[in-house]
Each structure stands twice: as structure tokens, then as C-alpha cells.
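[1] I'd like to go over a predicted model; first the sequence, then the structure.
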Amino acid sequence: MADQQQNTGQFIPTTQIWDIGQLYEVDVNSEDFKELLVRLYQNVNRIALALNTKETGYYLQEEFVSSNAYFHPTSNSQDDLRPSFKKAVNIGALALGVNTKAHGLTIESSWTFTHIWGTASNPATYTFYPLPWASAVGATNIELKVDVNNIVITNNSGLTFSSCMVVLEYLKQ
């Protein structure tokens with residue numbers, strides 16, 4: 001694994017130049033051909049490594065491996081990583097007060113949530129709020145939390161919303 005402190009991303013060079021004429025002329029039994037195969041394998045491997053470490057942009061309504069990798073709290077090895085999982089939940093309309101929606105996950109005590117976030121929207125009034133939302137005015141916040149069965153949103157904003165979406169990201173160990 002690359003040193004995360006010095007290598008802050010996976011980037012593949014896009015300037016690999018292969019002389020097609022030379023490829024046609026190379027003897028398949030020669031050292032040049034063996035070196036060509038090694039270089040091709042290395043390039044394919046770099047691509048695979050980079051693709052496997054990129055975050056997946058799918059937000060599905062079912063559990064999905066997000067391609068994020070987190071350290072393991074009981075290991076000193078930076079190669080011992082845990083995959084994160086992601087699930088998007090369509091809450092629907094968001095009324096004033098306490099709103100609950102079953103998330104459909106079987107949460108265990110070893111789980112850790114890394115991100116709980118969403119949006120509440122009312123396109124008819126051009127009102128769009130991030131969740132959770134902290135107001136500068138008193139207790140008019142929108143609280144977002146998860147329990148073993150539900151996503152619980154307490155809407156004290158004084159506004160109702162026609163749609164609400166929540167994304168959960170978590171580790172299972």
C-alpha cells in the first residue's frame with residue numbers, strides 16, 4: 001500500500017505511448033516481447049488498483065459497498081482496511097415534529113456509522129435544507145439520527161418539505 005501521507009490519490013499517467021509498428025515487428029520469443037508483456041501487465045495492474053480505490057458514485061436504496069476503506073482500530077497495519085457500505089433512503093414528505101422511516105438494516109453492536117446526511121426539499125417554494133440543519137435562531141433545527149430500526153428526523157424548522165433523502169454510510173466491524 002502506498003504511503004497515505006505522501007501519496008494523496010491514485011492517478012494513472014495518460015501518456016503511455018506504444019509504437020504500433022514496433023509491436024508488429026517484435027519476435028514473440030525475444031526478451032523485448034517479454035518486457036512488453038511485463039509493461040502491459042504493470043499498466044493494467046495500475047489501472048485496476050486505481051479503479052478499486054475510487055469511491056463509487058452509486059446511491060442505491062439497498063446496501064452497497066462504497067469502495068471507501070477505513071483503518072482498522074485494532075491493527076497497527078495501514079494495509080488492514082475495512083470497507084464501508086452505503087444506503088440511500090427516500091424519506092418522502094417531511095412534516096413538522098418527529099418523522100420516522102425504517103432503514104431496513106440489521107444493525108449490530110460492531111457497526112460504526114461514518115456519515116449520516118441528507119436533504120429536505122420543497123421545490124414549489126424553492127426551499128432546500130441540508131440535514132442535519134442547525135439554525136442560528138433558537139431551537140428551530142432539524143435533527144437527524146439513526147437507531148436500530150429507523151431514521152429519525154425531528155423537524156423543528158417551522159417548514160414542511162415535499163421530499164427528503166437520507167444517505168447512511170457505515171462500517172460493519
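    Good, I have the coordinates.

[2] got the domain ranges for the chain?
    Annotated domains of the chain cover 1-54, 64-171 [automatic domain parsing].

[3] go through the protein and flag its longest helix.
    helix 31-53 (DSSP state H).

[4] following it, which helix or strand shows up next?
    strand 64-71 (DSSP states H and E).

[5] separation between the residue positioned nearest the centre of the chain and G21?
    Closest to where the C-alpha atoms of the chain average out (C-alpha atoms, centre = their mean) is S66, at 4.3 Å. Per C-beta to C-beta, to the nearest Å, S66 is found 44 Å from G21. All C-beta spots, glycine's among them, are computed from the backbone N, C-alpha and C.

[6] cool, R39 as well?
    R39 is 17 Å from G21, by C-beta to C-beta.

[7] more neighbours, those two?
    More crowded of R39 and G21, by other C-beta atoms under 10 Å: R39, with 12 against 8.

[8] what separates L23 from Y41, distance-wise?
    From L23 across to Y41, the span is 15 Å (C-beta to C-beta).

[9] can you list the domains of the chain in CSV and add mean pLDDT?
    Shown next, in CSV, are the domains of the chain (pLDDT from 0 to 100):
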stretch, mean pLDDT
domain 1-54, 74
domain 64-171, 93
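
[10] single out the most deeply packed of the ones you listed.
    Using mean count of other C-beta atoms under 10 Å, the stretch among the domains of the chain with the largest mean neighbour count is domain 64-171, at a mean of 15.

[11] quick revisit: just the CA atoms of the longest helix of the chain, as CSV, please.
    Extracted in CSV, the C-alpha atoms of helix 31-53 (Å, rounded to 0.1, in the frame of the first residue of the first chain):
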residue,chain,number,x,y,z
GLU,A,31,13.4,-10.6,-24.4
ASP,A,32,11.7,-7.5,-25.9
PHE,A,33,8.4,-9.3,-26.1
LYS,A,34,8.7,-10.5,-22.5
GLU,A,35,9.4,-6.9,-21.4
LEU,A,36,6.4,-5.7,-23.4
LEU,A,37,4.2,-8.2,-21.6
VAL,A,38,5.5,-7.1,-18.2
ARG,A,39,4.9,-3.4,-19.0
LEU,A,40,1.4,-4.2,-20.3
TYR,A,41,0.7,-6.2,-17.1
GLN,A,42,2.0,-3.3,-14.9
ASN,A,43,-0.2,-0.8,-16.7
VAL,A,44,-3.3,-2.9,-16.4
ASN,A,45,-2.5,-3.5,-12.7
ARG,A,46,-2.1,0.3,-12.1
ILE,A,47,-5.5,0.8,-13.7
ALA,A,48,-7.1,-1.9,-11.6
LEU,A,49,-5.6,-0.5,-8.4
ALA,A,50,-6.7,3.0,-9.2
LEU,A,51,-10.3,1.9,-10.1
ASN,A,52,-10.6,-0.2,-6.9
THR,A,53,-9.7,2.7,-4.7
